[in-house]
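[1] sequence first, then the predicted structure, then my questions.
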Amino acid sequence: MPIDGVGHQTHIDIYNPPVERIIESIKKFAGLGLDNIITELDMSIYSWNDRSDYGDSIPDYILTLQAKRYQELFDALKENKDIVSTVVFWGISDKYSWLNGFPVKRTNAPLLFDRNFMPKPAFWAIVDPSRLRE
């Protein structure tokens, strides 16, 4: 069975990996003639080794950091749109994210819509960055 593409499970956090490394991986597969799909995209508000929990009070600066990182990622993906055919998020709302129970049970906010299905700064960072607060 021929392989014509690769899916990048993109479970990242607000600190790592660097966007440059993600794009580097995509370019390596594109160099092999493969289509690239970003699958399972979400962005934890905690670094991998952090087991803390903000609870219901996620600081605004954390959501802003997440938004800026989503913006940086999507800017890079747009610059490489010729080698990335699709981006798929691993859920819609923070309310139902698998990261609320992995790697520990806590409140996480990795997606574009909050627990009430309202757009977060991360949403606007991708759709209309001019709406972000500095």
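    Good, I have the coordinates.
[2] and Met1, what pLDDT?
    Looking at Met1, its pLDDT stands at 85.
[3] next, the buried residues of the lengthiest helix in the chain.
    Ranked by residue count under DSSP state H, the longest helix found in the chain is helix 60-79. For helix 60-79, the buried set under the neighbour-count rule, 16 or more other CB atoms under 10 Å, comprises Leu63, Thr64, Leu65, Gln66, Ala67, Lys68, Arg69, Tyr70, Gln71, Leu73, Phe74, Leu77. The C-beta positions use only the backbone N, C-alpha and C, and glycine is treated the same way.
[4] doesn't Lys120 make contact with the fifth one?
    Yes - using CB atoms under 8 Å, Ala67 and Lys120 qualify as a contacting pair, with a distance of 7.3 Å.
[5] find residues that contact each of the two.
    Residues touching both Ala67 and Lys120 by CB atoms under 8 Å, 6 or more residues apart in numbering: none at all.
[6] just to revisit the earlier point, hey, C-alpha coordinates of the longest helix of the chain in PDB?
    Only the C-alpha atoms of helix 60-79 are listed here, as PDB (Å, rounded to 0.1, in the frame of the first residue of the first chain):
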ATOM      1  CA  ASP A  60      -5.200  36.300  31.400                       C
ATOM      2  CA  TYR A  61      -1.500  36.300  30.700                       C
ATOM      3  CA  ILE A  62      -1.600  32.500  30.100                       C
ATOM      4  CA  LEU A  63      -4.500  32.800  27.600                       C
ATOM      5  CA  THR A  64      -2.600  35.700  25.900                       C
ATOM      6  CA  LEU A  65       0.500  33.600  25.700                       C
ATOM      7  CA  GLN A  66      -1.500  30.700  24.200                       C
ATOM      8  CA  ALA A  67      -3.100  33.100  21.700                       C
ATOM      9  CA  LYS A  68       0.300  34.400  20.600                       C
ATOM     10  CA  ARG A  69       1.600  30.900  20.200                       C
ATOM     11  CA  TYR A  70      -1.400  29.800  18.100                       C
ATOM     12  CA  GLN A  71      -0.900  33.000  16.000                       C
ATOM     13  CA  GLU A  72       2.800  32.100  15.500                       C
ATOM     14  CA  LEU A  73       1.900  28.600  14.600                       C
ATOM     15  CA  PHE A  74      -0.800  29.500  12.100                       C
ATOM     16  CA  ASP A  75       1.400  32.200  10.600                       C
ATOM     17  CA  ALA A  76       4.000  29.600   9.900                       C
ATOM     18  CA  LEU A  77       1.400  27.100   8.600                       C
ATOM     19  CA  LYS A  78       0.100  29.800   6.200                       C
ATOM     20  CA  GLU A  79       3.700  30.500   5.000                       C
END
